[in-house]
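[1] Sequence isn't available, so here's the structure alone:
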């Protein structure tokens, strides 16, 4: 009959309402196929079709051998700096580990950013899930070596975020650009991410500048596509 949803569509709509309402928070693992089949009185094939619809809508991600996890959290996927690639596990506890804070010189990066000086302070960090220790990102932040920032290699970040450090240094991101691609990680990156060389990750390059166009920050990130997604705002 026209207008009557198919079984898998009915299931996907019910689960979608539970996710969008916040009843199932971002990061939560959905019940397995067998449990969902019992709940709705359908076959596992029908459940798989429903999960596929939810995945196409960007509400869940399904990991082979692990199950399906909620992506949507009902809030805007943005960190305040206009990052089009945003961590979608908002509300899920994560921790950041600082691997290194050092002064460095990179003529290639300076040329790319049209900077006269090639000196930077580089902060290397990973982010992992508290629940199981899964590392979901590795990033290198390149900052201009202003007085406040040049103290970081000796003093460390402490409890401060990089955003707080930038503000103390008088650096306020106003605009910028970000490029997103995908590639396979090498052996060194795999060691940092606790993955296998050749695993596929999102590779992002983001440059932030102040209102007067001066350099604020350049961030190179490797993001686990199971936990990050590209979001675009327009209009």
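    Right, received. Where do you want to start? Bear in mind the structure is a predicted one, so any value in this text is a computation, not a measurement.
[2] Please, which helix or strand holds residue 15?
    Using DSSP states H and E, residue 15 sits within helix 7-20.
[3] mean confidence score for that helix?
    Taken as a whole, helix 7-20 carries a mean pLDDT of 87.
[4] beta partners of residue 178?
    Beta-bridge pairing for residue 178 (DSSP bridges): residue 206.
[5] ok, it to residue 121 distance?
    Distance, residue 178 to residue 121, by C-beta to C-beta, to the nearest Å: 21 Å. For every residue, glycine as well, the C-beta is placed using N, CA and C.
[6] Which segments of this structure make up each domain?
    7-70, 85-230 (automatic domain parsing).
[7] Same list (these) but as JSON lines, adding mean neighbour count.
    Output for these, formatted as JSON lines (neighbours: other C-beta atoms under 10 Å):
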{"stretch": "domain 7-70", "mean neighbour count": "16"}
{"stretch": "domain 85-230", "mean neighbour count": "16"}
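[8] Which residue ranges of the protein form strands?
    Ranges of strands in the chain, per DSSP state E, are 60-63, 67-70, 85-87, 94-105, 119-129, 135-143, 175-184, 200-209, 215-223, 228-230.
[9] Go through those and name the closest to residue 30.
    strand 67-70 (4.4 Å; C-beta to C-beta).
[10] Output the below-cut-off pLDDT ranges for this structure.
    1-5, 56, 58, 63-64, 72-93, 159-160, 229-235 (pLDDT under 70).
[11] one more time with 50, if that's ok
    Along the chain, segments meeting pLDDT under 50 span 1-2, 75-91, 233-235.
[12] Contacts only, for the closest residue to residue 198 other than its chain neighbours.
    Spatial nearest neighbour of residue 198, chain neighbours left out: residue 184 (4.8 Å); criterion: C-beta to C-beta, 6 or more residues apart in numbering. By C-beta atoms under 8 Å, 6 or more residues apart in numbering, the contact set of residue 184 is 197, 198, 199, 200, 201.
[13] partner residues bridging the fourth one?
    Beta bridges link residue 200 to residue 184, judged by DSSP bridges.
[14] Quick check: it touching residue 189?
    No. Counting by C-beta atoms under 8 Å, residue 200 does not reach residue 189; the two are 11.7 Å apart.
[15] Redo the strands of the chain as JSON lines? Include distance to residue 26.
    JSON lines is the format used below for the strands of the chain (distance: least, C-beta to C-beta, whole Å):
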{"stretch": "strand 60-63", "distance to residue 26": "10"}
{"stretch": "strand 67-70", "distance to residue 26": "5"}
{"stretch": "strand 85-87", "distance to residue 26": "10"}
{"stretch": "strand 94-105", "distance to residue 26": "12"}
{"stretch": "strand 119-129", "distance to residue 26": "12"}
{"stretch": "strand 135-143", "distance to residue 26": "13"}
{"stretch": "strand 175-184", "distance to residue 26": "21"}
{"stretch": "strand 200-209", "distance to residue 26": "18"}
{"stretch": "strand 215-223", "distance to residue 26": "16"}
{"stretch": "strand 228-230", "distance to residue 26": "11"}
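[16] Fine by me, we can end here.
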